[in-house]
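> Build the 3D model from these lines:
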Amino acid sequence: MKPFSLFLLLFAFLLFGFQSTDSGDVCNAKELRLKCKPMLAPFAYDSSKIMHIHFGPKNQRREVEVPLFFGEKYRLVFTSVSLQQPVIVEIYKKDYTHEKRELLFTSKDENGKDFSFEPPRGMKVFVDYLIPAAQDPSNTTEGCVAFLLGYK
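Okay, here's the model as predicted:
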């Protein structure tokens, strides 16, 4: 496969795979994007991901890979909707299978819901959602966390 074709295939995958579709009454993806876009300013909107959260009997980890390009500054904005318990957002340089991965950000100690940085080179970051077990296992609840990516 030619390098240009490979680039187009990768771009199409990222474009369509990173966008979220509207589903369910709890999390309206279109409304959440419109609500969160002002928090990106002065960064331009690039993409979003709506993570549907279902609290179950066990703790859960869900991870999203986000490619970032050299020479750009990024802002990542997170907001939660209808969550009965807090979900911790962590951002790493490597995925959860690496023992010595470097933590770039955690929402555990932050008051705000956005994070801005300029990567030292083209890289991937991994956004982890740490979902605690349901406080009442007989009454599992659901909600969502919206994630918007902006660049400058």
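> ok, residue 86 - contacts?
For residue 86, the set of contacting residues under the criterion of C-beta atoms under 8 Å, 6 or more residues apart in numbering consists of 80, 132. C-betas here are computed from N, CA, C, even on glycine.
> On the three-state scheme, it is what?
In three-state terms, and counting by DSSP: H, G, I helix; E, B strand; the rest coil, residue 86 is coil.
> what's the nearest residue to residue 121 once chain neighbours are set aside in contact with, if anything?
Using C-beta to C-beta, 6 or more residues apart in numbering and skipping the chain neighbours, the partner closest in space to residue 121 is residue 70 (5.2 Å). With contact taken as C-beta under 8 Å, 6+ apart, residue 70 is in contact with 119, 121, 122.
> Check residue 145 too.
Residues in contact with residue 145 (C-beta under 8 Å, 6+ apart) are 50, 51, 53, 78, 79, 80, 81, 83, 87, 89, 129.
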